[in-house]
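1. give the three-dimensional model of this entry:
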Amino acid sequence: MSRKISAATVTLLVLAGCSPEPEQAAQSGQTSRSAHIPMQAQVDRFLAEGPEPTLAKMRPLDYWLHYKVMQATGIEKELGGEAQAVAALQAMGDTYERKLRGAAADLPKMIPAAFTGEGMSSGFMGMGMGGFLGLMTGGTLSSAVGSMSDERLAELVKDGPIKFDNKGGKAEFHFGADGSLAQSMEFEVNESGLNGKVKLKVKMDACPDPEGKVAVTVDTDSQMSVSGKPGTGGYVRSQFKYERYLDDDARLLTGDDGSASNLRIQMGGFENFQGQSVDITTGHERGGKPISAHHGEEGFSIFRMDEVERTKELLRGAELLQTLIAEAMLRGLGSGAPWEGGRCIDLKATSSPGKRKGIRPNTAFDIEAIPRSKGDGAPAGGTVTATLSGGASLQPASGKVPADAKYGYAGPDKKNESASIAFESRSKRGVGKATLEFDTRTARAYRAEGGLDDFHGTGTICDLSQPFTISGGGNTVTFSPSSEQGGSYSYQGNMSGIGVYGSGTYSASADENGGKITASGNGCVKTPMGTHCNGGTERYTLTPLESCE
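-> Here you go, the predicted structure:
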């Protein structure tokens, strides 16, 4: 016969469930490391063996909580007893797993599948499904996004969310320009007299906030009812939030100030339309203080006195497993943390004088490296490291310099030499990267001539790496190089009383014998009949000049 326990007992249960065992703490010897943050060895082991063993460990709590709801709401009785209820629960979990894996397999081919999912045999429920979504899709997507070019990520953001809607369920994946990820899935199954619906949401930050915080949230909402019998059913909901904090070297803090977690479990249901619920929270504040709360209980208690120890063990285990999954997601599943890639920080590296190509030997420069958060434009702080490749000298020559960092640089001391300085800023806002290039090569000058259709222009190019113009017939084309090999262009003018304008990109190739420029884009003409636009390709011939005078 079950016995109801008081709110005080449940609160004590939660407190016990989230407090570390004294013996374990004493044996760990990790006095400077938070007991609530997985150690590197744990994460490495997790990555080496894949997520399946961890996901399997989450099953007992999920199944047990769902079964308790079945008992409390009369679902077990309606299904014919314990054996039938457990069999139905197993069938529902197996069906959820098949649909979940099927949805994961439907990811676009541009996103590599990190795990095969082979060897599973027991299904998923609730928190296990959220963990699967976070790892099998969220972790994979995070790794893929981390290796994408900024241009490819911008295309994904512009295209909007990736969506699936088929017999297996619905799914959406949203990408942020900074590499952040939000995803959701929902499924419905009917198995062995049970109707089940589950909704999953996972969000992961890519860039830290001003406090250096990044977070993973995993929300699950699992509902079940007796098929064809309205008024009898229940739910298990979990909301897990894991926060991690970075130091001013863009590293995850390992002490008690390095993390915070919150796991809230809500259970309830209705039997003959009579409501019942219980709501508890466990976790840790930043600083290591345990969180425990009993938000309320109405109509039933899910725990018997002889199940307190098992409940304590399962809750403690659930928090640890959720933490391990979130930790692995934030570390990038072996591909590196998302804030390490340079998308969080705009590192502006400038030089005075500004011209760095075709300089005289031993030209002196004052250089500044200024890291700013891309999210809010605020100074990132932290430090900057500069690495010189090539000729001459840099001061300071090594080590970390507080941001905003200043350097003195003497360019290459001989003609036709090149050098580059790679900058990396690190702070609790993330990592920034930038490079400045220098050379003492003699810039070649060219006469340019060419055009398209009615436009024929000429111009003198003193240096292909610097802006130049080509004009003719009332129209001027302005070229803005990103390098000697090309860049963008735009034009605007009035040819024979007709306004013209356009823009596009161009490529250039030239040597001491001359070369060519090919420019492609969209051009428009303004006529009394309206404005007409069309694409086209302009071609110019480059002839060497002795000088630019």
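2. ends of stretch 172-184, how far apart?
-> For stretch 172-184, the first-to-last residue distance is 5 Å (CA to CA, to the nearest Å).
3. buried ones in that stretch?
-> Residues of stretch 172-184 classed as buried by neighbour count (16 or more other CB atoms under 10 Å): 172-184. From N, CA and C alone the C-beta is placed, and that goes for glycine too.
4. next one: stretch 366-379
-> 367, 369, 370, 371, 372, 373, 374, 375.
5. just the helices from this structure, written as ranges.
-> Taking DSSP state H, the helices of the chain run over residues 7-18, 22-28, 40-49, 52-73, 75-79, 82-105, 126-132, 140-146, 150-159, 308-330.
6. which of the ones you listed comes out lowest on mean pLDDT?
-> Of all the helices of the chain, mean pLDDT reaches its minimum on helix 7-18 (a mean of 29).
7. now residue 353. Nearest residue, chain neighbours left out?
-> residue 365 (6.9 Å; CB to CB, 6 or more residues apart in numbering).
8. what about the one you found, how many residues nearby?
-> By the criterion of other CB atoms under 10 Å, residue 365 has 22 neighbours.
9. from residue 355, how far off is it?
-> Per CB to CB, to the nearest Å, residue 365 is found 10 Å from residue 355.
10. and the gap between residue 87 and residue 63?
-> 12 Å.
11. between those two, point out the one with more neighbours.
-> Each of residue 87 and residue 63 has its neighbours counted (other CB under 10 Å); residue 63 has more, 20 against 16.
12. wait, that one touches residue 93, no?
-> Yes. Applying CB atoms under 8 Å as the test, residue 63 and residue 93 come out as touching, 6.9 Å apart.
13. now for residue 410: which residues touch it?
-> 362, 363, 364, 365, 392, 393 (CB atoms under 8 Å, 6 or more residues apart in numbering).
14. could you rerun that using 7 Å?
-> 362, 364, 392, 393 (CB atoms under 7 Å, 6 or more residues apart in numbering).
15. what's the burial count for the first one?
-> Other residues lying near residue 362 total 14 when counted by other CB under 10 Å.
16. just the third one next, same as before
-> Here the neighbour count serves as a burial measure; for residue 392 (other CB under 10 Å) it reads 20.
17. wait, it sits on residue 419?
-> Yes. Counting by CB atoms under 7 Å, residue 419 is a contact partner of residue 392 at 6.5 Å.
18. between those two, which contacts overlap?
-> Joint contacts of residue 392 and residue 419 (CB under 7 Å, 6+ apart) are 411, 412.
19. next, the buried residues of the strand of greatest length in the chain.
-> In the chain, with assignment by DSSP state E, the single longest strand is strand 530-545. Burial within strand 530-545, assessed by neighbour count using 16+ other CB under 10 Å, is assigned to 538, 540, 542.
20. what of stretch 202-217?
-> Buried, per 16+ other CB under 10 Å, within stretch 202-217: 202-209, 212-217.
21. in space, what's closest to residue 86 - neighbours in sequence excluded?
-> Take residue 86 and drop its neighbours on the chain: the residue closest to it by CB to CB, 6+ apart is residue 67, 7.0 Å away.
22. for that neighbour, list the residues it contacts.
-> 85, 86, 89.
23. out of those residues, who's the most crowded?
-> residue 89 (26 neighbours).
24. residues contacting that residue?
-> 63, 66, 67.
25. same thing with residue 518?
-> With the criterion set at CB under 7 Å, 6+ apart, residue 518 makes contact with 506, 507, 537, 539.
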